[in-house]
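Got a predicted structure plus its sequence, pasted below:
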Amino acid sequence: MVIVHWKIHRLPKLLYYFGKNFCRRCCFAIRSLTYNHFMEQSYAADVCMEPMFWFVDNFTHAIGPLFVVAVICLTASVVCIAYWIGLPYWWNRSPLTCIILLIVGHWLLINISFHYYMAVITPPGYPPQGELITEAVSICKKCIAPKPPRTHHCSVCNRCILKMDHHCRILNWF
């Protein structure tokens with residue numbers, strides 16, 4: 001029968017070397033990004049935001065419709081609460097104030113609905129096609145084409161789009 005003796009006194013030393021090695025690797029990664037003379041702010045932003053873009057590109061099909069339904073439900077609940085609680089309260093206090101609030105409230109509701117609908121149906125911005133891009137940051141891994149600054153590949157339309165533009169899945173429901 002063999003008895004294994006754990007050497008607890010070696011644990012702090014192992015943790016120290018592991019932490020030191022981990023810090024050394026992190027410093028090397030940061031230096032390799034920042035000591036490059038081709039380094040630009042947009043490239044650093046691309047590198048740092050790549051995991052977020054991957055998550056959005058791979059889970060757009062599931063998350064997009066949930067966000068659309070959430071916005072519609074929240075807007076509908078605010079309107080229901082306003083009619084159920086606010087309308088009787090203000091009508092009992094002052095009918096003239098209630099009418100003014102109804103006019104302003106409906107104007108705001110129409111604006112919110114119209115602008116949300118326009119945001120859903122407006123296509124995202126696309127980078128220029130067929131032009132020589134002098135400030136191309138990198139190559140898109142999926143398009144195999146030069147990737148201009150502030151763009152990422154969209155999994156819904158399968159092409160590069162401007163990063164800050166939306167791309168909603170509600171049109172594919174109908």
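Structure's in. What do you need?

how near is the nearest residue to His153 once chain neighbours are set aside to His115?
With sequence-adjacent residues excluded and distances taken as CB to CB, 6 or more residues apart in numbering, His153 is closest to Lys142, at 4.7 Å. Placement of C-beta: from N, CA and C, glycine included. Separation of Lys142 from His115 (CB to CB, to the nearest Å): 31 Å.

Any idea how many residues pack against Gly64?
A total of 20 residues lie near Gly64 under the criterion other CB atoms under 10 Å.

got it, and the one 5 residues further on?
Using other CB under 10 Å, Val69 has 11 other residues around it.

before we move on, what about Gly86?
Neighbour tally, Gly86, other CB under 10 Å: 15.

Which other helices and strands does the helix ranked longest in the chain contact?
In the chain, with assignment by DSSP state H, the single longest helix is helix 41-81. The contact analysis (3 or more CB pairs under 8 Å, 6 or more residues apart in numbering; DSSP states H and E) places helix 41-81 against helix 11-34, helix 95-121, strand 151-154.

pLDDT averaged over the first one - what is it?
Model confidence over helix 11-34 averages 81 on the pLDDT scale.

Now that helix - C-alpha only, CSV.
The C-alpha atoms that make up helix 11-34 are tabulated as CSV, following Å, rounded to 0.1, in the frame of the first residue of the first chain:
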residue,chain,number,x,y,z
LEU,A,11,1.5,25.2,-3.0
PRO,A,12,2.3,28.9,-2.4
LYS,A,13,5.4,28.5,-4.5
LEU,A,14,3.5,26.9,-7.3
LEU,A,15,0.8,29.6,-7.2
TYR,A,16,3.5,32.3,-7.2
TYR,A,17,5.1,30.8,-10.3
PHE,A,18,1.8,30.4,-12.0
GLY,A,19,0.8,34.0,-11.3
LYS,A,20,4.1,35.3,-12.4
ASN,A,21,4.0,33.3,-15.7
PHE,A,22,0.4,34.5,-16.3
CYS,A,23,1.3,38.1,-15.8
ARG,A,24,4.3,37.8,-18.0
ARG,A,25,2.2,36.4,-20.8
CYS,A,26,-0.4,39.1,-20.4
CYS,A,27,2.3,41.8,-20.5
PHE,A,28,3.7,40.2,-23.7
ALA,A,29,0.3,40.2,-25.3
ILE,A,30,-0.3,43.9,-24.5
ARG,A,31,3.2,44.9,-25.6
SER,A,32,2.8,43.0,-28.9
LEU,A,33,-0.4,45.1,-29.6
THR,A,34,1.0,48.5,-28.5
